[in-house]
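Asker: got a structure for you, letters missing:
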């Protein structure tokens with residue numbers, strides 16, 4: 001019985017001896033060049049021992065320390081420890097140290113020290129700009145970033161696009177306030193983050209990116225039509241945009257108020273593109289067909305000239321104070337609250353009334369007849385935004401009033 005007990009004890013002892021392991025403690029310390037602890041940095045450890053690789057992962061604490069412990073096979077006498085971490089410039093850095101057995105029969109602890117953001121890093125002078133486009137969407141762009149940068153775009157904290165493109169476009173639905181942020185990572189620059197506040201309760205988004213113009217027959221000071229001459233009336237644009245005219249016959253101009261002569265009667269597609277800001281994030285284009293016709297109201301000559309004038313700078317009859325009936329109607333109240341009624345004093349000279357939205361689309365078109373007196377119009381059913389009222393006379397004269405609600 002005693003022999004059997006000793007035999008059983010001997011077997012257990014052999015099993016315990018076969019499963020014995022030896023511990024290895026590894027510690028990594030990360031700090032910046034000024035000696036400040038680098039906290040929250042993930043460090044990946046791996047140990048090569050006895051023909052196998054053992055791994056562990058830990059993040060640095062408030063002291064910049066990441067510590068792990070490995071259980072290696074019994075009999076391990078020496079080996080290598082590697083500790084790898086992502087530096088602040090998005091470059092992987094690796095620290096290496098060897099270990100060996102100590103006098104007590106265990107393994108000596110391993111300490112590794114690394115510098116977080118150890119190289120010279122250019123902070124880079126970056127900037128974020130944004131603006132609303134003509135279609136109601138928004139565009140954002142980062143300037144000053146290096147070519148190897150990557151961009152993480154978020155809207156209200158949710159990642160929408162992770163790319164190497166410095167431009168980002170987004171269409172916001174509804175009227176609200178949004179925060180668009182970008183994080184730029186590059187090997188040549190320190191990580192950089194900036195945000196842009198978007199207010200979709202403002203129909204123009206803080207920028208006047210909407211554009212339109214009207215084409216009418218030119219008149220002289222006596223109020224007579226000028227054959228072969230048209231006026232293109234552009235509402236005055238704020239913010240000093242750049243202009244690009246395409247006259248539809250390969251002719252172009254970058255002047256705000258050019259004069260241009262066509263060789264034929266048309267029709268020609270006249271287009272104006274305006275851009276606000278150096279980054280050209282806020283742009284608008286408006287086109288209209290222009291022509292003269294032998295039997296039409298506008299002209300009777302082969303070829304014609306257009307003159308671009310800003311609203312308020314009309315020529316001919318519009319500058320003649322004696323033409324009382326052609327004084328531009330004054331709309332009130334303006335700005336107007338949604339659903340309110342606007343009013344103006346109508347004269348018999350204006351025979352047609354057209355209401356256009358901010359995109360130049362006709363919302364209402366009606367004849368005024370020979371009515372004289374106060375006219376009214378309700379804004380109920382109109383979406384918030386900028387509108388324009390256009391009055392037309394029988395001689396082709398036009399008056400425009402911008403309405404904002």
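Answerer: Right, received. Where do you want to start? Since this is a predicted model, take the numbers as computed values, not measurements.
Asker: use CA for all of it now, contacts and neighbours both
Answerer: OK.
Asker: Just name whatever secondary elements the one helix or strand residue 69 maps to is in contact with.
Answerer: Using DSSP states H and E, residue 69 falls within strand 65-73. Judged by 3 or more C-alpha pairs under 8 Å, 6 or more residues apart in numbering; DSSP states H and E, the packing partners of strand 65-73 are strand 21-31, strand 42-49, strand 52-59.
Asker: ok, the second one: who's next to it in the sheet?
Answerer: Here the strand partners of strand 42-49, with direction, are listed using DSSP bridges: strand 52-59 (antiparallel), strand 78-86 (antiparallel).
Asker: continuing past the longest one, what's the next helix or strand?
Answerer: Next helix or strand after strand 78-86 toward the C-terminus (DSSP H and E): strand 92-100.
Asker: Identify all contacting residues around that next one.
Answerer: 77-87, 107-114 (C-alpha atoms under 8 Å, 6 or more residues apart in numbering).
Asker: Low-confidence ranges, the stretch 301-405 of the chain, go.
Answerer: Low-confidence segments of the stretch 301-405 of the chain (pLDDT under 70): 301-328, 348-349, 351, 358-360, 369-372, 393-399, 402, 404.
Asker: how much space between the nearest residue to residue 163 once chain neighbours are set aside and residue 243?
Answerer: Excluding the flanking residues, the one nearest residue 163 by C-alpha to C-alpha, 6 or more residues apart in numbering is residue 151, at 5.3 Å. Residue 151 sits 31 Å away from residue 243 when distances are taken as C-alpha to C-alpha, to the nearest Å.
Asker: do the same with residue 36
Answerer: Residue 36 is 53 Å from residue 243, by C-alpha to C-alpha.
Asker: With residue 150 instead?
Answerer: In terms of C-alpha to C-alpha, residue 150 sits 33 Å off from residue 243.
Asker: okay, the two: which has more neighbours?
Answerer: Set residue 150 next to residue 243 and count neighbours by other C-alpha atoms under 10 Å: residue 150 wins out with 19 against 16.
Asker: Next one: that one, what pLDDT does it get?
Answerer: At residue 150, the model reports a pLDDT of 90.
Asker: Now it. Its backbone dihedrals?
Answerer: Backbone torsions for residue 150, taken as degrees, to the nearest 10, come to phi -120, psi 150.
Asker: ditto for residue 126
Answerer: phi -100, psi 160.
Asker: Correct me if wrong: it contacts residue 143.
Answerer: Yes: between residue 126 and residue 143 there is a contact under C-alpha atoms under 8 Å: 5.5 Å.
Asker: hang on, the earlier thing: switch the helices and strands packed on strand 65-73 over to a markdown table; also include mean neighbour count, mean pLDDT and distance to residue 401.
Answerer: As requested, the helices and strands packed on strand 65-73 are exported to a markdown table (neighbours: other C-alpha atoms under 10 Å; pLDDT from 0 to 100; distance: least, C-alpha to C-alpha, whole Å):
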| stretch | mean neighbour count | mean pLDDT | distance to residue 401 |
| --- | --- | --- | --- |
| strand 21-31 | 20 | 89 | 65 |
| strand 42-49 | 20 | 90 | 63 |
| strand 52-59 | 14 | 91 | 65 |
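Asker: now for those strands, which one comes closest to residue 270?
Answerer: Residue 270 lies closest to strand 42-49 among the helices and strands packed on strand 65-73, at 60.5 Å (C-alpha to C-alpha).
Asker: what's the neighbour count on residue 403?
Answerer: 21.
Asker: wait, it sits on residue 384?
Answerer: No: counting by C-alpha under 8 Å, residue 403 stays clear of residue 384, with 10.5 Å between them.
Asker: how many neighbours does residue 176 have?
Answerer: Residue 176 has 11 nearby residues by other C-alpha under 10 Å.
Asker: my bad, should have said residue 51
Answerer: 6.
Asker: Quick check: phi and psi on it?
Answerer: Here residue 51 shows phi and psi, under degrees, to the nearest 10, equal to phi 80, psi 10.
Asker: For residue 72, see how far away it is.
Answerer: Using C-alpha to C-alpha, residue 51 is found at 11 Å from residue 72.
Asker: how does this structure divide into domains?
Answerer: Residue ranges for each domain of the chain read 20-115, 127-199, 209-320, 323-405, as given by automatic domain parsing.
Asker: who's in contact with the spatially most central residue of the chain?
Answerer: Centroid-nearest residue in the chain: residue 140, 1.9 Å away (criterion: C-alpha atoms, centre = their mean). Residues in contact with residue 140 (C-alpha under 8 Å, 6+ apart) are 128-131, 167-169, 281.
Asker: For the residue lying closest to residue 100 once chain neighbours are set aside, give its distance to residue 90.
Answerer: Leaving aside its chain neighbours, residue 100 sits nearest to residue 78 (4.1 Å; criterion: C-alpha to C-alpha, 6+ apart). Distance of residue 78 to residue 90, computed by C-alpha to C-alpha: 32 Å.
Asker: Could you do residue 274 as well?
Answerer: From residue 274 to residue 90 the distance is 40 Å (C-alpha to C-alpha).
Asker: what's the answer for residue 225, then?
Answerer: In terms of C-alpha to C-alpha, residue 225 sits 70 Å off from residue 90.
Asker: swap in residue 267?
Answerer: Taking C-alpha to C-alpha, one finds residue 267 at 58 Å from residue 90.
Asker: Identify the residue spatially nearest to residue 254, adjacent ones excluded.
Answerer: residue 244 (4.6 Å).
Asker: Quick check, pLDDT for that neighbour.
Answerer: With respect to pLDDT, residue 244 has a value of 90.
Asker: quick check, residue 103 in a helix?
Answerer: No: under DSSP: H, G, I helix; E, B strand; the rest coil, residue 103 falls outside any helix and is assigned coil.
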